[in-house]
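1. Below are the sequence and a predicted model for it; my questions follow.
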Amino acid sequence: MSDILSSLNSAQKEAVLATKGPVLILAGAGSGKTKALTHRIAYLVEHEKVSPFNILAVTFTNKAAKEMKIRIQKLLGSTYDFPFSGTFHSVCVKILRKEIELLGYNQRFLISDGSDQLQVIKESMKYLNIDPKQFNPRAVLGAISSAKSEMVGAAEYANLAVGHFQEIVTKIYYEYDKRLKESNALDFDDLLLKTVEIFNKFPEVLEKYQNQFHYILVDEYQDTNHVQYLFCKKLSAKHKNICVVGDDWQSIYSWRGANYRNILDFHKDYPDAKIIKLEQNYRSTKNILEAAHNVIAKNIERTDKKLWTDNESGLPVILYEAFNEKEEGQFIIAEAGRLEKQGYGLSDIAILYRTNAQSRSLEEELLKFNIPYKIIGGVRFYERREIKDLLSYLKFIYSGTDWVSFKRIINLPARGIGAKSLEVFENFARNNNLSLMDALSRVEDTNLQDKMKKGFSEFGNMAKQLVSLSNVLGVADFIEKVIIKSGLKSYYDDGSVEGDSRVENLEELISVAREFEEASSGLGLGEFLEQISLLSDIDNYSDESKSITLMTMHSAKGLEFPVVFMVGLEEGIFPHSRSSFSEEEMEEERRLCYVAMTRARKRLYLVYASNRMLYGGISSNPPSRFINDVPSHLMTDFTTRTVELKEPSFDIKAGDKIRHAKFGTGLVVGVNGEEIDVLFDSFGLKRLSSVFAPVEKIN
DNA sequence: AAGGAAGACTTTTTT
DNA sequence: AGTCTTCCTT
């Protein structure tokens, strides 16, 4: 037990020892809140003999949950499992798999992702004769989603609807929900909403879980929405052992319904709540912390606090004006070279940007100079077309009810079934009240042309075959069969480079499934699909490989890096132009800036470009207002020093022979500024940076 | 029904 | 600039 307490400061210790009753931990950036949480859970288990089964620990990402488990296991020195630690969504899925039949769903429900949702919205609008040009389907989906996160169902929405837009949304909301239910599918918001709905309608079920979860811990409480708030409140109503951790300064998800007031209002629900403040920062240098503080201090709507640190002052924050987005990347590459000489590795470096689209130019430069990197987020693996296709097959086979998936794959590869015949088939199923599978086996009764009937019934036969295969094969072997039997492989394998990469991706999913099988003995297709749906980008991130990390500032939440480059600090990019309409959104941008800055431990670079390619044209935006908020004594402008930085360390001209640390010897065939083209003896032609690349001249 | 071409539209951030 | 849509041709 002394182990559990000895490494904590007094506030952290207090957070660990206050096990009974409601506790609010206000934890500033880098103040060791994960430490406090893990030690608290370890203390509960070891000292208070609480079974892990009785602990509910909610984190923001699956990765955070996993890390927490590992840290607790290290503390306890044994292999305790914590079955109820995970994201709100994953915990709710666990509950719903047991209870959802109460709401008339089948227990084998599927989870619809964003693009599925949009598809259903579009179909619903078409069915209702609503013009998608007049009402943007994404805006409609957004309205429905925020209603759901406020615990407002279609019927209540109808009552509350004001104005034409909301009346239209009401109609679509009903139709959308109806279609999801027909497919036995839940969207992300439903996972939370339906769980709370069950708690509301079935008190005995609620009581069962109240009795189970003696202790409830919630991380990143500033980013919970209303439904999540209700979920916590209801579950903790009996034992009242609820401990929430958060920082209103780091609330960056209000656009998806999060409300940092949940933190500020905690004491209203629990007047006797113990409030503990963690204000000592262990992460950053004094300069970085001070700079970040000056940025956030401009916000009006915030609690008052001041983080402090015992760390050294460190270097000033480095400011750099690049000529354009290309040069932005080149500056980082040159700096990375200098940093490497000072003992930093590539995995110590993160590049953070506001929008995913910004990664492309950076990626191009890194590629050009052969710098290893990894990108978190962006075009996700699971959203690639071929993967969505394959997953649609899997979802359709697994559920037998999923119309969204069915429509995606019925004519993929082409089976001669177009929109018209699909419509006939759909009406046939609707009018006769047939399930999707039943309708498929009764295609003969439709008034489709014989050719179409054949197409449908052949598809139906294949589906039946796959269903029986799914019952006998392991997930990975089954997926392998699906890729062949569906015809997806031959469809994509057209000999083109693009086709090759698509087939490669299809096969990559087999490996993902193999790993899944190894990690989880006895779990099947349903669990595999579920795990994939609930995965976030950051969940797959590991910092082991020697490469620079690129991600959005949002994704960086909860992480830290010795060196952080914040790029694209220009008005219109960051703060984003869409935020300039409301003061609230601008404050959120500012919080995002604070979050990004406080990721840095030793070095922080603020980079902006005077010209930037945007929407196919060049635009020039003034430097971000956030740069002006950093006092000049904490910042040094590197821009004037570029020439010096970019000067090649030695003279290289065409015709020189060089040696590269990795590629061996080669001949310089061209010099273009800081870029050199080298024909390597065994690696062929490569373009390198003469500043950064580990090359030396030989004679 | 399918493939191709011109045109619109994009880019916030994500479980 | 790249991707997604829609319309047009076969």
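-> Cool, got the structure.
2. Dump stretch A:265-276 to CSV, keeping only the CA atoms.
-> Taking Å, rounded to 0.1, in the frame of the first residue of the first chain, the C-alpha atoms of stretch A:265-276 are listed here in CSV:
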residue,chain,number,x,y,z
ASP,A,265,-22.4,22.1,-11.9
PHE,A,266,-21.2,19.0,-10.2
HIS,A,267,-21.7,20.5,-6.8
LYS,A,268,-25.3,21.2,-7.6
ASP,A,269,-26.1,17.6,-7.8
TYR,A,270,-23.7,16.7,-5.0
PRO,A,271,-23.6,19.6,-2.5
ASP,A,272,-21.3,17.6,-0.2
ALA,A,273,-18.8,16.8,-3.0
LYS,A,274,-15.2,16.9,-2.1
ILE,A,275,-13.3,19.2,-4.5
ILE,A,276,-9.6,18.5,-5.1
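3. list the buried ones in that stretch?
-> Going by neighbour count (16 or more other Cβ atoms under 10 Å), the buried part of stretch A:265-276 is A:Phe266, A:Asp269, A:Tyr270, A:Ala273, A:Ile276. Where you see a C-beta, it was placed from the backbone N, CA and C, and this is true even at glycine.
4. Distance from the chain centre to it, please.
-> Put simply, stretch A:265-276 sits 31 Å off its chain's centre (Cα atoms, centre = their mean, to the nearest Å).
5. quick one: average confidence on it?
-> Mean pLDDT, stretch A:265-276: 93.
6. Would you confirm that A:Ser183 contacts A:Leu110?
-> Yes. Between A:Ser183 and A:Leu110 there is a contact under Cβ atoms under 8 Å: 7.2 Å.
7. Find the residues that touch each one of those two.
-> A:Ser399, A:Asp402 (Cβ atoms under 8 Å, 6 or more residues apart in numbering).
8. Hmm, A:Val23 is touching A:Lys274, no?
-> Yes. Contact between A:Val23 and A:Lys274 holds when scored by Cβ under 8 Å: they sit 4.8 Å apart.
9. list residues touching both of the two?
-> Common contacts of A:Val23 and A:Lys274 (Cβ under 8 Å, 6+ apart): none found.
10. The closest residue to DNA strand B within the stretch 301-450 of chain A: neighbour count?
-> At 2.2 Å from DNA strand B, A:Gly418 is the closest residue in the stretch 301-450 of chain A, using Cβ to the nearest atom of the strand. The tally of other residues near A:Gly418 (other Cβ atoms under 10 Å) stands at 12.
11. Quick check: the gap between it and DNA strand C.
-> 11 Å (Cβ to the nearest atom of the strand, to the nearest Å).
12. what element comes up after the helix-or-strand element of chain A with minimal mean pLDDT heading to the C-terminus?
-> One helix or strand of chain A scores below all others by mean pLDDT, DSSP states H and E: helix A:642-646, with a mean of 46. As assigned by DSSP states H and E, the chain's next helix or strand after helix A:642-646 is strand A:657-660.
13. so who does the residue of the stretch 301-450 of chain A closest to DNA strand B touch?
-> Applying Cβ under 8 Å, 6+ apart to A:Gly418 gives the contacts A:Asn411.
14. so what pLDDT did it get?
-> 79.
15. Flag the shaky bits of chain A, pLDDT-wise.
-> Where chain A drops to pLDDT under 70, the residues are A:1-2, A:379, A:544, A:640-642, A:644-651, A:661, A:672-675, A:689-696, A:699.
16. How is it partitioned into domains?
-> Chain A breaks down into these domains under automatic domain parsing: A:2-97+A:193-280, A:113-182, A:287-379+A:541-641, A:382-395+A:406-525, A:657-698.
17. between the ones you listed, which one is nearest to A:Gln531?
-> Judged by Cβ to Cβ, the one of the domains of chain A that comes nearest to A:Gln531 is domain A:382-395+A:406-525, at 6.7 Å.
18. Span of the closest one from start to end?
-> Distance between the two ends of domain A:382-395+A:406-525: 16 Å, counting by Cα to Cα, to the nearest Å.
19. Likewise for stretch A:478-492?
-> One end of stretch A:478-492 sits 19 Å from the other (Cα to Cα).
20. quick one: the helices in the stretch 451-600 of chain A?
-> Counting by DSSP state H, counting those that start in this stretch, the stretch 451-600 of chain A has helices at residues A:475-485, A:488-492, A:497-519, A:525-534, A:583-597.
21. about what we covered before: tell me the phi and psi of the residue of the stretch 301-450 of chain A closest to DNA strand B?
-> Main-chain torsions, A:Gly418, degrees, to the nearest 10: phi -100, psi -170.
22. From DNA strand B, how far out is the residue in chain A positioned nearest to DNA strand C?
-> Relative to DNA strand C, the nearest point of chain A is A:Gly616 (2.6 Å; Cβ to the nearest atom of the strand). In this view, A:Gly616 and DNA strand B are 6 Å apart by Cβ to the nearest atom of the strand.
23. A:Lys194 too?
-> A:Lys194 is 14 Å from DNA strand B, by Cβ to the nearest atom of the strand.
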